[in-house]
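K.L.:
Dropping a prediction and its sequence here:
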Amino acid sequence: MIVLGDALTKSELIAELASANPHLRGQDVETIVATIFEEITYALARGERVELRGFGAFTVKHRDARTGRNPRTGDAVEVDEKSVPFFKAGKELRLRVNAGKVPRATRAERKKA
């Protein structure tokens, strides 16, 4: 089981997965992780929804153009319409996070292991 701490970078995720799966080469794990992230990204770019059962769903939300404010000067600024990625956690993920079933390890503890 991978134990996550404060923040997990992509390279730390790859290292954790490689150590948990010694039968896989590190380079293969890196390719797997990169491929998964790329496929999620490409699906979202096509406007598709990506659902990972038990984890959550990635979708794209569209924001209309609006008039915003420059926080420094207070001047009105036109903000173009845009699409932004959105993640909604699945029920199983929410329950595990709220129950605290996954022990937290600090970054230092992860590096020691």
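P.N.:
Cool, got the structure.

K.L.:
what's across from the residue nearest the centre of the chain in the sheet?
P.N.:
The C-alpha lying nearest the average C-alpha coordinate of the chain belongs to residue 87 (CA atoms, centre = their mean; 8.2 Å). Under DSSP bridges, the beta-bridge partners of residue 87 are residue 58.

K.L.:
Now do the contacts for it.
P.N.:
Contact partners of residue 87, counting by CB atoms under 8 Å, 6 or more residues apart in numbering, are 56-58. For the C-beta atoms, the positions are set from N, CA and C on the backbone; glycine is no exception.

K.L.:
looking at the protein, which helix or strand does the model trust least?
P.N.:
Least confident helix or strand, the chain: helix 107-112 with a mean of 60, by mean pLDDT, DSSP states H and E.

K.L.:
hmm, back to that, list only those of the contacts of residue 87 flagged as buried.
P.N.:
Burial by neighbour count, 16 or more other CB atoms under 10 Å: within the contacts of residue 87 this picks out 56, 58.

K.L.:
JSON lines please, covering the contacts of residue 87 and showing distance to residue 22 and pLDDT.
P.N.:
JSON lines is the format used below for the contacts of residue 87 (distance: CB to CB, whole Å; pLDDT from 0 to 100):
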{"residue": "56", "distance to residue 22": "29", "pLDDT": "96"}
{"residue": "57", "distance to residue 22": "32", "pLDDT": "97"}
{"residue": "58", "distance to residue 22": "30", "pLDDT": "97"}
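
K.L.:
Good, wrapping up.
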